[in-house]
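**Q** okay, here's the prediction I keep looking at, along with the sequence it came from:
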Amino acid sequence: MPMTVGVALANNLATIPEQARRLEAMGVDSVFVGETDHNPFLPLVLVAEHTQRMTFGTSVAIAFPRVPHVTANVAWDLAQYSGGRFLLGLGTQVKGHNERRFSVPWAPPGPRLRDYINCMRAIWGSWQHGTKPSYEGEYYQYKLTSPFFNPGPIEHPDIPVIISAVNPFNARLAGEVCDGITIHSFSTFRYIRDVLIPAVHEGARRAGKDPASLHVQGGGFIVTGRNETEVHEARERTRRQIAFYASTRSYANVMKTHGWDDEAAALHRLSMDAQWDEMTRMITDDMLEEFCVIGTWDQLPAQMREKFAGINTQVTLPIDPQTPDEEAQFREIIAQVKQIPSVGEV
């Protein structure tokens, strides 16, 4: 399949309609909204209303604070309203955020997410085909409904489910029970090629699926700007962001791949004392090169080709053109990026 281009939208309800229309006109294939400081689903109604071609989705919505029925319902409505252009991206978040931010009891996230997705698909199946609810898993169940609670069949019921992953278990899960994977940005390109993609393919083969049919997006940090000054500023912001992620023990496998176990342990200790500046200084330029695509807008297509060729089906461009000339440049960048070989083409 050809490489496609996605853009992450700023979650601002006042600006999303115009931004979405502009991006579609410039040739962007997909837009996504994450769940950080705002709800990720509400803006997508505006995207559906103000575009005709682009796919769009959550990247990602945090699964466990919402029961499967709640997520199934909003996904069903977005798929119906958009004519099947909605992609449901789900993530688990780490234990601390689930328990202390979302007030959700913690359980092993991989098995729980598998149960979550299976339950959600059982709900969609009952709505589409009118079958009696009969799903019972380890964490979730769906065994009760009535016509009053059934929204009924829709024209595009096969809603793609894509999950985020930074560990092999969830990468296998993405290949086995999902339609694709959003690779966490805190993933070096060696880790993606050597660990995550083989795990995705293993999961697909377990389920009898062609790995080349899966959607693969994300991975790494795109550090760019109009000129070298902006690239330098973006590099330093990213250095700080990598230090934050690297201090999280759930992501230790990425650091271990490069022999950075001691650095990960030190970063975790510093994070407990909120020593953010000291943590940032621990992220070397060599580390940045492993995690990032770095270059000006003009350099970006060639740099992205070097890093993403053969592993992704979609890449994300963090570019926000402000003038007609920049929009024209962005169109050219998009056209060049779409020439990067996708999965199975290398």
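**A** Alright, I've got the coordinates. Numbering: from 1, shown residues only.

**Q** spell out, range by range, the strands that occur in the chain.
**A** For the chain, the strands defined by DSSP state E occupy 4-8, 30-33, 55-58, 61-62, 86-91, 135-136, 141-142, 161-165, 180-183, 215-218, 221-225, 292-296, 314-316.

**Q** list the neighbouring strands of the first one plus their orientation.
**A** It stands for strand 4-8. strand 30-33 (parallel), strand 314-316 (parallel) (DSSP bridges).

**Q** in JSON lines, list the ones you listed along with distance to residue 154 and mean neighbour count.
**A** Placement of C-beta: from N, CA and C, glycine included. Shown next, in JSON lines, are the strands paired with strand 4-8 (distance: least, Cβ to Cβ, whole Å; neighbours: other Cβ atoms under 10 Å):
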{"stretch": "strand 30-33", "distance to residue 154": "21", "mean neighbour count": "24"}
{"stretch": "strand 314-316", "distance to residue 154": "25", "mean neighbour count": "25"}
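
**Q** where does this structure have low pLDDT?
**A** Residues of the chain that meet the criterion pLDDT under 70 lie in 344-346.

**Q** mind redoing it with 90?
**A** 1-2, 94, 212, 249-251, 319-322, 342-346 (pLDDT under 90).

**Q** give me the distance between residue 307 and residue 190.
**A** Counting by Cβ to Cβ, to the nearest Å, the gap from residue 307 to residue 190 is 10 Å.

**Q** and those two? Which one has more around it.
**A** Counted by other Cβ atoms under 10 Å, residue 307 and residue 190 do not tie: residue 307 has more neighbours, with 20 against 13.

**Q** quick check, that one in contact with residue 293.
**A** Yes: using Cβ atoms under 8 Å, residue 307 makes contact with residue 293 at a distance of 5.1 Å.

**Q** common neighbours of those two, please.
**A** Jointly contacting residue 307 and residue 293 under the rule Cβ atoms under 8 Å, 6 or more residues apart in numbering are residue 220.

**Q** list the contacts of residue 282.
**A** Contact analysis of residue 282 by Cβ under 8 Å, 6+ apart lists 243, 263, 266-267, 270.

**Q** cutoff 10 Å now
**A** Applying Cβ atoms under 10 Å, 6 or more residues apart in numbering to residue 282 gives the contacts 239, 242-243, 246-247, 260, 263-264, 266-267, 270, 275.

**Q** that one and residue 247, how far apart?
**A** Plainly put, residue 282 is 9 Å away from residue 247 if you go by Cβ to Cβ.

**Q** between the two, which contacts overlap?
**A** 263-264, 266-267, 270, 275.

**Q** could you dump the residues you listed to a markdown table with neighbour count and distance to residue 322?
**A** Below are those laid out as a markdown table (neighbours: other Cβ atoms under 10 Å; distance: Cβ to Cβ, whole Å):
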| residue | neighbour count | distance to residue 322 |
| --- | --- | --- |
| 263 | 19 | 38 |
| 264 | 21 | 38 |
| 266 | 16 | 40 |
| 267 | 25 | 36 |
| 270 | 19 | 37 |
| 275 | 16 | 36 |
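
**Q** out of the residues you listed, list just those in helices.
**A** Applying DSSP state H to the shared contacts of residue 282 and residue 247, the entries found in helices are 263-264, 266-267, 270.

**Q** between the residues you listed, which is nearest residue 212?
**A** The shortest gap between residue 212 and any of these belongs to residue 264, at 33.6 Å (Cβ to Cβ).

**Q** from what I can see that closest one touches residue 251, true?
**A** Yes: assessed by Cβ atoms under 10 Å, residue 264 is found in contact with residue 251 at 8.1 Å.

**Q** what sits against the nearest residue to residue 140 once chain neighbours are set aside?
**A** Closest residue to residue 140 apart from its sequence neighbours, by Cβ to Cβ, 6 or more residues apart in numbering: residue 119 at 4.1 Å. For residue 119, the contact set (Cβ under 10 Å, 6+ apart) comprises 67-69, 71-72, 133, 135-137, 139-142.

**Q** so how do I select the buried members of the residues you listed in ChimeraX?
**A** Selecting only the buried entries of the contacts of residue 119 in ChimeraX, with 16 or more other Cβ atoms under 10 Å as the criterion:
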select :67,68,71,72,133,135,137,139,140,142
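
**Q** farthest-apart pair in the contacts of residue 119, please.
**A** Pairwise distances across the contacts of residue 119 (Cβ to Cβ) peak at 18.2 Å, for the pair 71 and 136.

**Q** ok, residue 251 - contacts?
**A** Listed by Cβ under 10 Å, 6+ apart, the contact partners of residue 251 are 94, 166-167, 184, 186-187, 245, 264.

**Q** compile the residues you listed into TSV and extend it with columns for distance to residue 47.
**A** Output for the contacts of residue 251, formatted as TSV (distance: Cβ to Cβ, whole Å):
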residue	distance to residue 47
94	28
166	27
167	30
184	23
186	26
187	27
245	28
264	37
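
**Q** which of those are buried, as a PyMOL select command?
**A** Remark: buried members of the contacts of residue 251, expressed as a PyMOL selection using 16+ other Cβ under 10 Å:
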select buried, resi 166+167+184+186+187+245+264
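
**Q** which one of the contacts of residue 251 is nearest to residue 303?
**A** Among these, residue 187 lies closest to residue 303 (Cβ to Cβ), at 16.7 Å.

**Q** shouldn't the closest one be in contact with residue 217?
**A** No: with contact defined as Cβ under 10 Å, residue 187 does not count as touching residue 217 (12.0 Å).

**Q** show me what contacts the nearest residue to residue 255 once chain neighbours are set aside?
**A** Nearest residue to residue 255 in three dimensions, chain neighbours excluded: residue 264, at 4.0 Å (Cβ to Cβ, 6+ apart). Residue 264 is in contact with 246-249, 251-256, 258, 282, counting by Cβ under 10 Å, 6+ apart.
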